[in-house]
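[1] Quick one, structure for this:
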Amino acid sequence: MKRFSPLAISLTLASVAPSAVRAEEIGDAGTLPTINVTAEDARTDVYRARSSSIAGFGEMPLLDTPASVSVVTEAQLKDQQARLLSDVIKNDASIGENYAPVGYYENISVRGFPLDLASGYRIDGLSVVGEQNIALENKEQVEIIKGLSGLQGGVVNAGGLVNYVTKRPADVRSVTLGTDSNGSRYVATDLGVLFGEQKQFGLRVNAAHEDINSYVDYSNGYRDFASVAAAWDISSKARLQFNIEYQKKSQKSVAGYQLLGGTTVPSNVSPTAMLTPQSWAQPVRIDSLNFNTRFDLEFNADWRGHVVAGRSRAVIDDYLAFPYGSNFATVFSPTFAANGDYDVYDYRSPDDTRRNDEAQAVLQGKFNTGAIKHDLTAGLSMSRRVIDKSDGISSWVGSDNIYNPVPLAFPASGAGIPASYRNLDSRQQAIFFTDRLQFNDRWQVLAGGRQVWLKEQTYDPAGAVTRDTSRSLFLPQAALIFKLQQNMSLYGSYAETLTMGTSAAFWQSNYPTILPPSVARQLEAGFKYDWNKDLGFTAAVFRMKKAYEYPKPDAAGTSFAYIQQGTQTHRGIELGANGNVTRQLRLAASVAFIQARADDTGTPAYDGKQAINVPRMRSAVYADYAVAALPGFNLLGSWLYSGSKVATRDGSAAVPAYHIFNAGLRYQTRMGGHPTTMRLTVDNVFDKRYWKDTGESLGDSYLHLGAPRLARLSVQYDF
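    The predicted structure follows:
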């Protein structure tokens with residue numbers, strides 16, 4: 001068990017100051033955002049966001065955004081006691097986990113497509129390394145654009161983007177203490193101040209320490225986090241902002257299961273069991289640093305601009321005993337054996353360093369051409385991603401069985417780790433623009449695009465170039481918006497994006513081939529209706545297409561070549577409701593129906609089958625009920641449903657559907673004259689056993705069990 005860090009304890013003891021308040025940045029088209037400090041009205045729907053910046057290059061009301069955007073607010077993050085992205089996304093039916101092991105960095109899928117770890121995750125609009133677990137303590141909200149986002153991100157996978165919005169400086173003081181039914185310990189502080197004669201300077205510090213007692217045996221760990229946000233209103237027309245955050249996490253990762261004999265889902269296995277917990281295995285350590293700075297300038301009432309630049313860096317040290325495949329000593333198979341046998345590997349990949357750098361210059365303005373109003377955004381972007389790591393080692397040390405009650409012990413291989421080298425250097429340059437043309441109060445057209453120049457090279461350990469990719473492409477995006485009335489809009493949109501090809505696994509005949517980039521396309525139509533100021537409804541239908549990538553079997557089914565052939569098409573319907581149903585009841589509900597199939601693959605057994613890890617139906621309901629007889633007391637609850645998910649490309653194996661029920665309460669009171677909030681949540685109330693995902697990683701498929709029942713308790717004290 002790790003002790004509380006001195007940094008976290010000192011910040012906790014120092015956090016005694018005036019009462020906590022909530023800060024919001026608001027602005028209009030002609031002025032820089034200003035900071036308003038207000039007391040929070042308990043009746044305000046703090047779960048429902050009214051606007052987002054992720055779908056364009058400026059803050060835009062969601063009602064006028066021709067895209068499906070999910071926004072999780074700070075209030076909901078706190079009430080769910082969210083620590084990981086998998087906690088954030090669980091109340092949106094279109095979003096699921098895709099290879100998210102305990103103790104490792106997570107990835108998700110949106111509308112059935114996994115996000116791109118290189119460019120699918122962002123902080124304040126700039127790309128960050130996806131191979132990290134981004135901390136939530138300093139985040140104001142999490143925005144997720146569902147669907148193609150070539151205009152916003154350029155070279156990015158078809159699923160969409162996740163954008164973390166950092167908290168801005170404000171007069172705030174709070175400390176949160178927490179624990180759970182496994183004995184974990186948590187402390188976090190949020191300290192902020194506005195100062196200067198006109199309050200033109202702002203500073204905010206967030207810090208946290210967490211001792212993680214995992215529900216999986218042998219997989220405890222810890223996490224330390226600290227961040228600083230600063231702002232300077234240089235004048236009424238100029239502002240400078242800066243954000244930096246650092247996190248260190250150390251925890252033993254939990255490998256997933258594989259299909260038995262490549263055809264059968266394991267049965268009678270426990271979510272608390274770790275396969276092959278060897279004594280020489282070490283925690284996965286991830287050190288991550290993210291920072292950005294932004295300068296805003298208002299030229300006049302109609303034109304403004306900003307320049308923003310940032311860097312994201314993650315260093316991963318991976319030393320573990322990894323269960324993978326079977327029959328290494330005879331005829332190797334990349335899946336567990338039919339009787340549950342599996343091979344154990346000494347896997348070591350230290351100093352795996354990934355870095356994203358990005359800078360943007362953006363100009364925004366309003367003008368008229370006759371009766372047509374224009375809202376124009378144009379800009380330049382430059383980004384670079386590099387990966388420096390060794391090839392590591394993956395040495396077979398023995399074999400075991402998933403049903404063995406006492407896992408076998410094996411000696412470490414003792415193999416030396418080769419030197420690190422530059423694996424990848426990927427650079428993008430882009431010019432982008434978007435113009436919102438408003439013809440009258442009812443009709444709008446949004447037209448834009450992104451011209452991308454991609455230059456990417458991969459290298460071998462000797463420094464020789466193994467792949468040199470150059471691509472120039474214009475990625476268009478267009479939408480038509482019709483407002484039946486001021487609180488109701490219909491839209492139709494078309495978008496394209498460039499997706500990078502994925503890599504062949506080591507057991508495939510053309511390893512280490514990386515497939516070429518391909519263009520993905522999307523059509524979407526949607527409906528948004530703010531029934532009243534408290535409750536809104538959304539609906540969307542979509543079709544997304546991209547090249548199909550898969551290991552193609554030979555005639556005998558014994559050799560596989562990783563290829564790009566055929567088309568993967570996802571069609572779906574999304575329905576949602578969010579807001580206050582009554583004065584006492586808040587509700588967020590969504591349902592998604594997705595048909596995800598491949599055609600013309602060259603392997604008839606795969607044509608027309610539902611894609612791996614994509615349920616045909618998924619739904620989520622979250623409720624918050626204020627008990628009138630007990631002021632400050634709220635009951636919380638959620639119900640999650642996922643349909644069956646296939647685990648093989650031919651659809652012969654699948655994990656069953658499941659229902660998960662969560663419950664909780666929030667009690668707001670005052671202690672010593674200061675606001676105090678107590679939160680209790682119980683996830684998986686009925687202790688359901690289920691497979692949470694059947695996702696893929698580096699060409700291989702894994703099955704991960706969902707967490708058993710877990711109770712979490714926290715107390716937030718505002719000074």
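[2] give the contact list for residue 570.
    111-113, 542-545, 594-596, 611, 614 (C-beta atoms under 8 Å, 6 or more residues apart in numbering). For glycine as for every other residue, the C-beta is placed from the backbone atoms N, C-alpha and C.
[3] could you redo the last one with a cut-off of 7 Å?
    By C-beta atoms under 7 Å, 6 or more residues apart in numbering, residue 570 lies in contact with 111-113, 544, 594, 596.
[4] And for residue 123?
    164, 166, 290, 292.
[5] I'd like to know how many residues surround residue 670.
    By other C-beta atoms under 10 Å, 11 other residues sit near residue 670.
[6] And it, which helix or strand is it part of?
    strand 658-671 (DSSP states H and E).
[7] Point out where the stretch 601-719 of the chain drops to low pLDDT.
    Along the stretch 601-719 of the chain, segments meeting pLDDT under 70 span 698-699.
[8] Strands of that one, residue ranges please.
    617-626, 633-642, 645-646, 654-655, 658-671, 674-683, 691-693, 696-697, 700-701, 704-705, 710-718 (DSSP state E, counting those that start in this stretch).
[9] what do you get for the stretch 351-500 of the chain?
    In the stretch 351-500 of the chain, the strands defined using DSSP E, counting those that start in this stretch lie at 372-389, 393-401, 421-438, 443-459, 465-485, 488-499.
[10] deepest of those strands, which one?
    strand 488-499 (a mean of 20; mean count of other C-beta atoms under 10 Å).
[11] relative orientation of that strand and strand 465-485 in degrees?
    Between strand 488-499 and strand 465-485, the angle comes out at 170 degrees (axes from the mean of the first three to the mean of the last three C-alpha atoms, to 10 degrees).
[12] What residues of the helix or strand just after strand 488-499 count as buried?
    For strand 488-499, the succeeding helix or strand toward the C-terminus, using DSSP H and E, is strand 518-530. Going by neighbour count (16 or more other C-beta atoms under 10 Å), the buried part of strand 518-530 is 518, 520-526, 528-530.
[13] Strand 518-530 pairs with which strands?
    Sheet pairing here is set by DSSP bridges, and for strand 518-530 it gives strand 488-499 (antiparallel), strand 535-553 (antiparallel).
[14] Find the residue ranges of the stretch 51-200 of the chain scoring beneath the pLDDT cut-off.
    55-58.
[15] Please render the contacts of residue 570 as TSV that adds secondary structure and neighbour count to the earlier fields.
    Below are the contacts of residue 570 laid out as TSV (DSSP: H, G, I helix; E, B strand; the rest coil; neighbours: other C-beta atoms under 10 Å):
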residue	secondary structure	neighbour count
111	coil	26
112	coil	25
113	strand	26
544	strand	25
594	strand	24
596	strand	23
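[16] which one of the residues you listed sits closest to residue 271?
    Set against residue 271, the nearest of the contacts of residue 570 by C-beta to C-beta is residue 112 (24.6 Å).
[17] What is the burial count for the closest residue in space to that closest one that isn't next to it in sequence?
    Leaving aside its sequence neighbours, residue 112 sits nearest to residue 614 (C-beta to C-beta, 6 or more residues apart in numbering; 3.8 Å). Other residues lying near residue 614 total 23 when counted by other C-beta under 10 Å.
[18] would you turn the strands paired with strand 518-530 into TSV with mean pLDDT?
    As requested, those are exported to TSV (pLDDT from 0 to 100):
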stretch	mean pLDDT
strand 488-499	94
strand 535-553	94
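[19] and of the ones you listed, who's closest to residue 247?
    Using C-beta to C-beta, the strands paired with strand 518-530 put strand 488-499 closest to residue 247, at 28.5 Å.
[20] mind checking how far that closest one is from the chain centre?
    Strand 488-499 sits 21 Å away from the centroid of its parent chain (C-alpha atoms, centre = their mean, to the nearest Å).
[21] ok, back up a step: surely the residue nearest to residue 112 touches residue 594?
    Yes - with contact defined as C-beta atoms under 7 Å, residue 614 and residue 594 form a contacting pair (5.8 Å).
[22] Can you work out which residues contact both of those two?
    Shared contacts of residue 614 and residue 594 (C-beta under 7 Å, 6+ apart): residue 112.
[23] Include distance to residue 348 when you put the strands paired with strand 518-530 into CSV, please.
    What follows is these, written out as CSV (distance: least, C-beta to C-beta, whole Å):
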stretch, distance to residue 348
strand 488-499, 31
strand 535-553, 26
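[24] of the ones you listed, which approaches residue 299 most closely?
    Once the strands paired with strand 518-530 are compared by C-beta to C-beta, strand 488-499 is nearest, at 30.3 Å.
[25] angle of the closest one against strand 421-438?
    Going by the same axes, to 10 degrees, strand 488-499 makes 150 degrees with strand 421-438.
[26] circling back: how about the strands paired with strand 518-530, which one is nearest residue 60?
    Across the strands paired with strand 518-530, residue 60 has its closest neighbour in strand 488-499 (12.1 Å, C-beta to C-beta).
[27] Quick one: residues in contact with the closest one.
    63-64, 66-67, 148-151, 154-158, 452, 471, 473, 475-484, 517-529, 546.
[28] if we go to 6 Å?
    Contact partners of strand 488-499, identified using C-beta atoms under 6 Å, 6 or more residues apart in numbering, comprise 63, 66, 148, 150, 155-158, 473, 475-483, 517-529, 546.
[29] Same check on stretch 86-94?
    For stretch 86-94, using C-beta under 6 Å, 6+ apart, the contacting residues are 70, 72, 80, 82, 95, 97, 100, 106, 108, 111, 142, 146, 574, 588, 590-592, 618-620, 622.
[30] Make a markdown table from the strands of the stretch 351-500 of the chain and add distance to residue 583 to it.
    Listed next are the strands of the stretch 351-500 of the chain as a markdown table, based on distance: least, C-beta to C-beta, whole Å:
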| stretch | distance to residue 583 |
| --- | --- |
| strand 372-389 | 36 |
| strand 393-401 | 58 |
| strand 421-438 | 35 |
| strand 443-459 | 34 |
| strand 465-485 | 25 |
| strand 488-499 | 24 |
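[31] what about residue 332, how many neighbours?
    With other C-beta under 10 Å as criterion, residue 332 counts 12.
[32] do the same with residue 226
    22.
[33] and it, what pLDDT?
    On pLDDT, residue 226 comes in at 98.
[34] Quick check: it touching residue 207?
    Yes - assessed by C-beta atoms under 6 Å, residue 226 is found in contact with residue 207 at 4.6 Å.
[35] Give me the sheet partners of the helix or strand hosting residue 211 and which way each runs.
    Using DSSP H and E, residue 211 maps to strand 201-212. Using DSSP bridges, the strands paired with strand 201-212 in its sheet are strand 185-195 (antiparallel), strand 221-233 (antiparallel).
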